[in-house]
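A.B. asks: model the following, please.
(4 chains)
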Protein chains: 2
Amino acid sequence: MSNAYNRPDQLSPELRRRVLDTARRLGYPGPDPVARSLRTRKAGAVGLLLTENLSYAFRDPAAIGFLEGLALACEDAGTGLLLVPANPEREDVASVHRAGVDGFVVYSVPDDDPHLAAVLERPVPTVVCDQPDLGTVDRVGIDDRGAMYELAKHLIDLGHRRIGVVCMRLARDRNDGFVTPDRQHAAHFHVQRNRLSGLAEAFSEAGVDWSQVPVAERFDHNTASGASGAAQVLDRDPQITALICTSDVLALGAMNEAARRGLRVPHDITVTGFDGIRAGEEAGLTTVRQPVLEKGRAAGKLLLDTNERSRPRSVNLATELIIGKTSGPPRGGAEERWFGP
Amino acid sequence: MSNAYNRPDQLSPELRRRVLDTARRLGYPGPDPVARSLRTRKAGAVGLLLTENLSYAFRDPAAIGFLEGLALACEDAGTGLLLVPANPEREDVASVHRAGVDGFVVYSVPDDDPHLAAVLERPVPTVVCDQPDLGTVDRVGIDDRGAMYELAKHLIDLGHRRIGVVCMRLARDRNDGFVTPDRQHAAHFHVQRNRLSGLAEAFSEAGVDWSQVPVAERFDHNTASGASGAAQVLDRDPQITALICTSDVLALGAMNEAARRGLRVPHDITVTGFDGIRAGEEAGLTTVRQPVLEKGRAAGKLLLDTNERSRPRSVNLATELIIGKTSGPPRGGAEERWFGP
DNA sequence: CTGAAAGCGCTAACAC
DNA sequence: GTGTTAGCGCTTTCAG
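C.D. replies: Have a look, this model is predicted:
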């Protein structure tokens, strides 16, 4: 009978039909998937750990792209994708323990997240994404630091020296305000830490005292945060010529704030983002484009690839610097220097 | 020992710690979730069936909003959400059988979808969303027909009689072209069938011969489809004064096509949508707003509500007609009638 | 092709 | 607070 359901080729079609018909008539609903999973040691699903508040994940175009790519990889493999509930407020790790999955993908959680620790204790393959390389599990990501360094170079070449930054949350606690250098170094979000450090390196090399650069952090990730972060930076130093945001969503918000203040972009101020989302493209944003969908797909492939998992693998995807129309030379910059002392 | 993991309160904290420490030292990874699920008869997850090609789902703002609402409800309940792979191309229903879940949510699949049939055979609670009321399982949706009827009334009041329609796919087969009345009636997508029938009713009442109204169907759901559908309709009858689309995404595409032809909206042509997505709002689209997030949340609540599931429940959420700036009186309409014969 | 039996790892129940 | 046991429903194996 098991054969009738699981191995149609092992018995005559006619017999198979008879068995199945009889089973249905007897009210048998088909093999119980859980019992089957226990026996075969395959859950037929992979877990996705997204610690971020779910609302933010589903409103963040980059996260959605990642999810799409991962879902695509799962669909190709005929595997389910289990969204594991992980409320960052509560430290309730039980959901990780309860997840009947063959492996985990962990996407952009703080590196001290207890859910991540719980995943790493589970005896299943794991791939972390947009996280530090743990050495023990597979990883996929991009070179956030290098990409941001390139973007900074572009701004430096344009002549920008007096800048401000708006970044996403750096740790699990809410800090809607300026960031101390200490907090930058200690940031628990790999992506943000590296983007900031790429900026710091490039501008330091250009002779800018990074410790004097205003960096505004925002816990929530939406355009309102981008606007308020930009406002805070501009209030602190109205003379800045460029506003660098660590995501396109924040940058779009910053553009709104610039418009509100009557600042023309890029004539009066340069604004840049990071991610390469659709809305940013439409706005002509200068940014770094990263292949979010491919990232999700790569994570899924890595996890589902039963092949030699000799040593943990680490994949870096390529990014592309997009020079849009929101960046230009600083006002009163190069050209006006001719009139200087 | 089971108690140490599952009932921290049934034994002294100190003993609990000792047991857990020892277990870990012995390399015990914690209770196997699958075995536990078999024993307790609880999978701790609900399945989501989204037959649409996943890429479309993740690019459709309405679907994302639904997903967010559902995920929120699951998070509140500490339940996982399993995305069940259901490629509409293949009729491979095994993934539905393999899903270890305590219930299913089925979102906007054609009513003859084999995956849906497979779900209904599983002995777990199910709620269908944006589907016909099956009478046997819970349902949540909106009054698509009534909402579209109201929208049509608005256009009729403005004076529109010569109209064209662009709609989403009506069945599982690809038909990128005009729709016959037969095909409209036989449409397998509940939502589209009802929106069209609301239109047909209102315009018929206003004396329009519905069978003469050009209705262009598009399989893919994106702005390019909206544009090409609009083009097809406008090529057929350049005299139409209003282009009614069954989704905001299609309407946004139709606006692009109108612009391409040098038609000003709403002066030269009225364009309307359905859903109330963000991008439509920003474009000032006349549309019907539906609470997509609430729909997902309601579906989750219904499924997870263990309470008296006496008879199947049916929930209709309220919609709101949004009169934007893309609808206006027809050109050469009311005001010019004064100069008529 | 059929039938019987073992056992996946756990939890609940009950006896100690 | 501890130990033992039955059995969740399946698949696999092995004997007929």
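
A.B. asks: show me the contacts for the residue in the stretch 151-300 of chain A that DNA strand C sits nearest to.
C.D. replies: Among the residues of the stretch 151-300 of chain A, residue A:300 lies closest to DNA strand C, at 25.8 Å counting by CB to the nearest atom of the strand. Glycine gets a C-beta too; all of them are placed from N, C-alpha and C. Shown in contact with residue A:300 (CB atoms under 8 Å, 6 or more residues apart in numbering or on different chains): A:46, A:69, A:70, A:72, A:73, A:74, A:77, A:105.

A.B. asks: how does it look with 10 Å?
C.D. replies: A:46, A:48, A:69-77, A:79, A:81, A:103, A:105, A:127, A:140 (CB atoms under 10 Å, 6 or more residues apart in numbering or on different chains).

A.B. asks: which bits of the stretch 1-150 of chain A sit near DNA strand C?
C.D. replies: By CB under 7 Å from any atom of the strand, the residues of the stretch 1-150 of chain A that approach DNA strand C are A:3, A:10, A:11, A:12, A:15, A:35, A:38, A:39, A:41.

A.B. asks: contacting residues for the first one?
C.D. replies: The one in question is residue A:3. Contact partners of residue A:3, counting by CB under 10 Å, 6+ apart, are A:9, A:10, A:11, A:15, A:16, A:19.

A.B. asks: recalculate using a threshold of 7 Å.
C.D. replies: A:10, A:11 (CB atoms under 7 Å, 6 or more residues apart in numbering or on different chains).

A.B. asks: so which helix or strand takes in it?
C.D. replies: Residue A:3 belongs to helix A:2-6 when assigned by DSSP states H and E.

A.B. asks: is stretch A:223-241 anywhere near chain B?
C.D. replies: No. Contact between stretch A:223-241 and chain B is absent, the nearest approach being 10.8 Å (criterion: CB under 7 Å from any CB of the partner chain).

A.B. asks: that stretch: which residues count as buried?
C.D. replies: For stretch A:223-241, burial by neighbour count (16 or more other CB atoms under 10 Å in any protein chain shown) applies to A:223, A:225-234, A:240-241.

A.B. asks: what does it contact?
C.D. replies: The set of residues external to stretch A:223-241 that reach it, using CB under 7 Å, 6+ apart, is A:160, A:162-164, A:166, A:214, A:216, A:218, A:243, A:245, A:249-254, A:256-258, A:261, A:269-270, A:330-331, A:333.

A.B. asks: what does chain A put close to chain B?
C.D. replies: Taking CB under 7 Å from any CB, the part of chain A that reaches chain B is made up of A:29-30, A:33-35, A:37-38, A:43-45, A:54-55, A:58, A:64, A:67-68, A:71-72, A:74-75, A:78-85, A:87, A:95, A:97-100, A:121-123.

A.B. asks: out of those, list just those in helices.
C.D. replies: Secondary structure of these is defined by DSSP state H; positions in helices are A:33-35, A:37-38, A:54-55, A:58, A:64, A:67-68, A:71-72, A:74-75, A:95, A:97-98, A:121.

A.B. asks: make a PyMOL selection of the buried ones in the residues you listed.
C.D. replies: Here is the PyMOL command that selects only those of those that count as buried (16+ other CB under 10 Å):
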select buried, chain A and resi 33+34+37+38+54+55+58+64+67+68+71+72+74+75+95+97+98
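
A.B. asks: in contact with the residue lying closest to the residue of the stretch 151-300 of chain A closest to DNA strand C once chain neighbours are set aside, which residues?
C.D. replies: Closest residue to residue A:300 apart from its sequence neighbours, by CB to CB, 6 or more residues apart in numbering or on different chains: residue A:73 at 2.6 Å. Applying CB under 7 Å, 6+ apart, we find residue A:73 in contact with A:296, A:297, A:300, A:301, A:304.

A.B. asks: so which of those is the closest to DNA strand D?
C.D. replies: Comparing these against DNA strand D with CB to the nearest atom of the strand places residue A:304 closest, at 18.9 Å.

A.B. asks: give me the number of residues near the closest one?
C.D. replies: 19 (other CB atoms under 10 Å in any protein chain shown).

A.B. asks: got the phi/psi numbers for it?
C.D. replies: Comment: the main-chain dihedrals of residue A:304 come out as phi -90, psi -10, following degrees, to the nearest 10.

A.B. asks: so it touches residue A:79, yeah?
C.D. replies: Yes. Applying CB atoms under 7 Å, one finds residue A:304 in contact with residue A:79, separated by 6.4 Å.

A.B. asks: one step back: is the helix or strand following the helix holding residue A:3 anywhere near DNA strand D?
C.D. replies: Using DSSP H and E, the helix or strand that directly follows helix A:2-6 along the chain is helix A:13-25. No. With CB under 7 Å from any atom of the strand as the criterion, DNA strand D is not reached by helix A:13-25; the gap is at least 9.6 Å.

A.B. asks: list the buried residues for helix A:13-25?
C.D. replies: Counting neighbours by 16+ other CB under 10 Å, one finds that the buried residues in helix A:13-25 are A:16, A:20, A:23.

A.B. asks: out of these, who's nearest DNA strand C?
C.D. replies: residue A:16 (8.6 Å).

A.B. asks: show me the domain layout of chain A.
C.D. replies: As recorded under automatic domain parsing, the domains making up chain A are A:44-141+A:292-317, A:144-290+A:322-339.

A.B. asks: all strands of the stretch 51-200 of chain A, in order?
C.D. replies: A:80-84, A:104-107, A:126-129, A:138-142, A:163-168 (DSSP state E, counting those that start in this stretch).

A.B. asks: packing partners of the last one?
C.D. replies: This means strand A:163-168. Secondary-structure packing of strand A:163-168 (3 or more CB pairs under 7 Å, 6 or more residues apart in numbering or on different chains; DSSP states H and E): helix A:190-205, strand A:215-218, helix A:223-236, strand A:242-245, helix A:248-260.

A.B. asks: which parts of chain A sit against DNA strand D?
C.D. replies: Within chain A, the positions near DNA strand D by CB under 7 Å from any atom of the strand are A:2, A:3, A:5, A:6, A:30, A:31, A:32, A:35, A:36, A:38, A:39, A:40.

A.B. asks: any idea how far the closest residue to the fifth one other than its chain neighbours lies from residue A:219?
C.D. replies: Leaving aside its sequence neighbours, residue A:30 sits nearest to residue B:97 (CB to CB, 6+ apart; 5.6 Å). Distance, residue B:97 to residue A:219, using CB to CB, to the nearest Å: 43 Å.
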